[in-house]
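[1] Dropping a prediction and its sequence here:
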Amino acid sequence: MAILEVKDLSVSFKQYSSSLKQKNYDVISDLSVTVEEGEIVAVVGASGSGKSLLAHAILGILPNNAYVNGLIKYKGEELTLSRQEALRGNEISLVPQSVNYLDPLMRVGAQVRTSVKNGDKVKVQREVFERYNLKEQVDKMYPFQLSGGMARRTLLSTAMISGAKVIIADEPTPGLDSASVAEALKHFRQLADNGCAVMLITHDIEAALQIADRIAVFYAGTTVEIAPVHNFSGNGENLRHPYTKALWRALPQNDFIPIKGSQPHPDHLPSGCLFAPRCEMATEECSMSRPEMKKVRDGVVRCIHAS
């Protein structure tokens, strides 16, 4: 059973143009993904595909001009705003992309200790700092005294000792040295193996393949494919969606073939399949309506041509 379930999620933002006309921008639409206990689901896709917005929607930390529709469940029950607030930082923990989430007026050691639920808080904090190569004197520092890598490792430390049942890691490794990246990935895998559910949001497909069980591929604010990690191999012949295959073949270690065109802006989404204008398999039928997600082999895909 999925501990975290997102179904048909849509997120739009109300904005005003220079002529003060109001317009809604649909940045996420019909997005669905699940994460089970003991599982790591990696969410990949280009910038602007909705990855970070998904994390913020789950935690209930979107800005006031956001409108959310769809269903988000935790342990089978809907995540209402009040329930999101109660679970945030407790049973559902975020490793944020921005280091600005650190409180600038509080020493970082004290900040990390607020996440410790059981045991000697100082001991737990110092052990996790040691694990991420943060020296003992770092716990007395303020965020402005940290390098970018140190700040990111501090954020990782906070989530790793939170005891949360669900960890959402939003681009947790940029700016880290290779040893810290390896340690973080190893720790995420250990958390999952101990029953935690991990959603790893990343641009780094290679890092995701090292630890993930399934890969969810986002494009222009929606899910286009969710596939088991072993499908990402060879020439991508076991993948289902043309975008996923193109993304796989665009990697330097594969064919290094760029994908023509660019992801559409939320203000200019095509009718029908969102990837159709860039897809070599597109037919007239692809532009008539947006495909539904369907099961194909041991994964799911949003493409009428997938088989």
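    It's in.

[2] Low-confidence bits of the chain, can you list those?
    18-19 (pLDDT under 70).

[3] For Ser63, which residues are in contact?
    Careful, residue 63 is Pro; it's not Ser. Shown in contact with Pro63 (C-beta atoms under 8 Å, 6 or more residues apart in numbering): Phe13. Backbone N, C-alpha and C define where each C-beta goes, glycine included.

[4] again with His203
    Val44, Ser47, Glu171.

[5] go again using 7 Å as the cut-off
    For His203, the contacting residues are Val44, Glu171, by C-beta atoms under 7 Å, 6 or more residues apart in numbering.

[6] For the stretch 101-250 of the chain, which segments count as helices?
    Listed in chain order, the helices found in the stretch 101-250 of the chain under DSSP state H, counting those that start in this stretch are 108-113, 121-131, 148-160, 178-193, 205-211, 242-249.

[7] Glu85 is nearest to which of the ones you listed?
    helix 148-160 (17.8 Å; C-beta to C-beta).

[8] Centroid-nearest residue for this structure?
    Ile201 (2.8 Å; C-alpha atoms, centre = their mean).

[9] surely that one meets Gly50?
    No - counting by C-beta atoms under 7 Å, Ile201 sits too far from Gly50 to count as a contact (10.1 Å).

[10] Neighbours of Ala304, how many?
    No Ala there; residue 304 is Ile. 18 (other C-beta atoms under 10 Å).

[11] oh, I was asking about Asn65
    If we define neighbours as other C-beta under 10 Å, then Asn65 has 12 of them.

[12] go on, Thr158?
    Applying other C-beta under 10 Å, we find 25 residues neighbouring Thr158.

[13] Next: Leu200.
    29.

[14] With distance to Lys14 added, can I get the helices of the stretch 101-250 of the chain in TSV?
    Converted to TSV, these look like this (distance: least, C-beta to C-beta, whole Å):
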stretch	distance to Lys14
helix 108-113	34
helix 121-131	41
helix 148-160	30
helix 178-193	36
helix 205-211	33
helix 242-249	29
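
[15] Of all the ones you listed, which one is nearest Leu94?
    So among those, helix 148-160 is nearest, using C-beta to C-beta, at 6.9 Å.

[16] Just the C-alphas of the closest one, formatted as PDB.
    Taking Å, rounded to 0.1, in the frame of the first residue of the first chain, the C-alpha atoms of helix 148-160 are listed here in PDB:
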ATOM      1  CA  GLY A 148      27.200  26.400   0.200                       C
ATOM      2  CA  GLY A 149      28.200  22.800   0.600                       C
ATOM      3  CA  MET A 150      28.200  23.000   4.400                       C
ATOM      4  CA  ALA A 151      24.700  24.500   4.400                       C
ATOM      5  CA  ARG A 152      23.400  21.800   2.100                       C
ATOM      6  CA  ARG A 153      24.900  19.100   4.300                       C
ATOM      7  CA  THR A 154      23.300  20.800   7.400                       C
ATOM      8  CA  LEU A 155      19.900  20.600   5.700                       C
ATOM      9  CA  LEU A 156      20.500  16.900   4.900                       C
ATOM     10  CA  SER A 157      21.400  16.300   8.500                       C
ATOM     11  CA  THR A 158      18.100  17.800   9.700                       C
ATOM     12  CA  ALA A 159      16.000  15.500   7.500                       C
ATOM     13  CA  MET A 160      18.000  12.400   8.100                       C
END
